[in-house]
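>>> what follows is a predicted structure for the sequence shown.
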Amino acid sequence: MSFFNIKQKKLALSCDRQSLERAYHVSEDNLKKASLTGDEKWLKKAMKQHGEFEYAMLYQNTPEFKKKLDKRGKRT
């Protein structure tokens, strides 16, 4: 599936769902803080990080991801 980039796929394969959700919420807090300061550079960085976690979680729902888990013997 070409919608997801390599970084997002690796993140999805290397982290469990709970870890990704925690990181997602932390990144969401960082986004809020960055928006309050008005620092565009920080906001852009926080948004990119937030998106990576979000897309990694979405990738974990795909059939492609589930096939990779089956091949590795890590099916949950």
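That came in fine, so what should we check first? Residues are numbered from 1 along each chain as shown.
>>> any idea which helix or strand in the protein has the lowest mean pLDDT?
helix 63-72 (a mean of 89; mean pLDDT, DSSP states H and E).
>>> let me see the contact set for the residue nearest the centre of the chain.
Centroid-nearest residue in the chain, with CA atoms, centre = their mean: Phe53, separated by 1.6 Å. Shown in contact with Phe53 (CB atoms under 8 Å, 6 or more residues apart in numbering): Leu11, Leu20, Ala23, Tyr24, Ser27. All C-beta spots, glycine's among them, are computed from the backbone N, C-alpha and C.
>>> want to try JSON lines for the residues you listed, with distance to Ser2, secondary structure and neighbour count as columns?
As requested, the contacts of Phe53 are exported to JSON lines (distance: CB to CB, whole Å; DSSP: H, G, I helix; E, B strand; the rest coil; neighbours: other CB atoms under 10 Å):
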{"residue": "Leu11", "distance to Ser2": "17", "secondary structure": "helix", "neighbour count": "21"}
{"residue": "Leu20", "distance to Ser2": "21", "secondary structure": "helix", "neighbour count": "20"}
{"residue": "Ala23", "distance to Ser2": "24", "secondary structure": "helix", "neighbour count": "18"}
{"residue": "Tyr24", "distance to Ser2": "23", "secondary structure": "helix", "neighbour count": "17"}
{"residue": "Ser27", "distance to Ser2": "24", "secondary structure": "helix", "neighbour count": "18"}
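>>> quick one: end-to-end length of stretch 10-25, please.
19 Å (CA to CA, to the nearest Å).
>>> contact partners of that stretch?
Phe4, His50, Glu52, Phe53, Glu54, Ala56, Met57, Tyr59, Gln60, Phe65, Lys68.
>>> which of the residues you listed are buried?
Buried members of the contacts of stretch 10-25, scored by 16 or more other CB atoms under 10 Å, are Phe4, His50, Glu52, Phe53, Ala56, Met57, Tyr59, Gln60, Phe65, Lys68.
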